[in-house]
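**Student:** whatever this is, show me its structure:
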Amino acid sequence: MTEPIPWPVDRLVAQLGRWSASRGPLYLLLASRLRQLIDSGQLPHRAMLPPDRTLAQRLAVGRSTVVAAYEQLRQDGKVDRRQGRGTWVKPAVSAGVRPNAAPPANPLFVNYLEPIGDDVLSLACAAPQDPPPALASALRRAIGRLPADDIGYYPLGLPALREAIADRYCRQGLATTPAQILVTTGGQQALSLITQLFLAPGDHVVAQTPTYPGALELFRHAAAVITPVSADDLAAALVSSRPRLVYVNATNHNPTGATMSGLVRRRLVEAAGDTVVIDDEVQADLSFDGVRPPGLASYGPVLTVGSVTKLLWGGLRVGWIRGSAGEIAQLGRLKAIHDLGCATLEQLAVADLLPRIEPIAAERVAGLRVRHDHLCAKLGKLLPSWSFEPAAGGQCLWIRLPAGDGSSLAQVALRRVIAVLPGSALGG
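**Tutor:** Model prediction:
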């Protein structure tokens, strides 16, 4: 008989996602979500589920809740459960699904992006709640500007949009040509393309910690070896370890909201040498003081990732990479293999908005600043033992708890219909 596959408790908790956000007894909600994971093959046959006490502790529930959920699954024929041996998924349950004992991606990342019920307050995803009216107007204008006698494929991006992005960099003091711009399906695809081009299994990646979980998942998927390093220690880490790639949020860092000083930026780029430097500027336009500091590319060779999703709307999947013309040509060929280019209508709308996006950005930042200050005031008044540094910009606040751990807090909050992201998901 094939031995059961030990299933890490951290992975199972991530797979469970918002399991307790619905109404009903907790043991039935837990059993229902586990049943979904088993039926879909995400929990493969012979997967050994964590011990009762271990899972109960991670989910911040009583052991009896986990015992009852496991027993429900046993009665349903989904698991075998033997005293002294444990609980595992029955082989017959997912016989038609190819087993995957170690999925590379953390499902928590996807779970927090999926739509949730109207009764759940989501504080887990940093994105605009609603698109601005200017976006709808730009999309209507774009319909009337669809090119004629044109097949509509632009693997490197719509020429008008590449020019608009390059012009914006020039206005910010960074000389850029359209040949240095690749339009991508959001910032996530930009990071994915860079990862695919430059990383091989076993390559060393230095990542500013804590950091954006979507980047960490890409590096893990590439089987890279990730070393988390604080912002102030990045330059020293580059000199001492010479990694293949370093990933940085230099402005309005996700999730701390901090911004690197000019001196730290310069030292980091000068220390990079042959290391590929990624400067994720997706939140760079969201500084509360209205000042956008020079990006890392102002100090030397850097691949800069940008996007309009944080300014306009998450559903507007338009991002870009700025790099050398040679790097952009290579990345463009890689992108063409995947999707032949981004949707033309959305690119037309962004090309229309980008030259006059500053008033939209100012309005968005003003709203974020009000919410940020209100949250800081409430935390200081109601939870004075929680510590945090006010953010310089962006959409996140990094909080340190006086006791306990963020994962348990996230589980308890979810049962009170509030979704928060635990620091463990961001490498913190």
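**Student:** specify the local secondary structure of the most centrally placed residue in the chain.
**Tutor:** Geometric centre of the chain, nearest residue: residue 214, 3.2 Å, by Cα atoms, centre = their mean. Following DSSP: H, G, I helix; E, B strand; the rest coil, the label given to residue 214 is helix.
**Student:** now do stretch 339-359: distance to the chain's middle.
**Tutor:** 22 Å (Cα atoms, centre = their mean, to the nearest Å).
**Student:** actually stretch 263-282, not the one I typed
**Tutor:** For stretch 263-282, the distance to the chain centre is 21 Å (Cα atoms, centre = their mean).
**Student:** now do that stretch: distance from first to last residue.
**Tutor:** With Cα to Cα, to the nearest Å as the measure, the ends of stretch 263-282 fall 21 Å from one another.
**Student:** mind listing what's buried in that stretch?
**Tutor:** Within stretch 263-282, the residues scored as buried using 16 or more other Cβ atoms under 10 Å are 264-269, 271-272, 275-282. C-beta coordinates here come from the backbone N, C-alpha and C atoms, glycine included.
**Student:** same check, this time on stretch 36-53
**Tutor:** Along stretch 36-53, these residues count as buried under the neighbour rule (16+ other Cβ under 10 Å): 37-38, 41-50, 52.
**Student:** after the longest helix seen in the chain, heading C-terminal, what element do we hit next?
**Tutor:** Taking DSSP state H as the criterion, the chain has its longest helix at helix 358-382. Next in sequence after helix 358-382, counting helices and strands by DSSP states H and E, comes strand 387-388.
**Student:** out of the buried residues of stretch 263-282, list just those in helices.
**Tutor:** Here DSSP H is the test, and those give 264, 265, 266, 267, 268, 269, 271, 272 as lying in helices.
**Student:** quick one: contacts for the first one?
**Tutor:** Taking Cβ atoms under 8 Å, 6 or more residues apart in numbering as the definition of contact, the neighbours of residue 264 are 231, 232, 234, 235.
**Student:** pretty sure the last one is in a strand, no?
**Tutor:** It stands for residue 235. No - counting by three-state DSSP, one finds residue 235 to be helix, located in no strand.
**Student:** quick one: contacts for it?
**Tutor:** Residue 235 neighbours (Cβ under 8 Å, 6+ apart): 264, 267, 268, 270, 271.
**Student:** what about the last one, distance to residue 211?
**Tutor:** Counting by Cβ to Cβ, to the nearest Å, the gap from residue 271 to residue 211 is 19 Å.
**Student:** burial of residue 5, as a residue count?
**Tutor:** Residues near residue 5, counting by other Cβ atoms under 10 Å, number 17.
**Student:** surely it touches residue 49?
**Tutor:** No - applying Cβ atoms under 8 Å, one finds residue 5 not in contact with residue 49, separated by 10.3 Å.
**Student:** list residues touching both of those two?
**Tutor:** Joint contacts of residue 5 and residue 49 (Cβ under 8 Å, 6+ apart) are residue 88.
**Student:** so the residue lying closest to residue 315 once chain neighbours are set aside, which state does it fall into?
**Tutor:** Of all residues not flanking residue 315 in the chain, residue 131 sits nearest, at 7.1 Å (Cβ to Cβ, 6 or more residues apart in numbering). With three-state DSSP as the basis, residue 131 sits in coil.
**Student:** gap between residue 131 and residue 188?
**Tutor:** Taking Cβ to Cβ, one finds residue 131 at 18 Å from residue 188.
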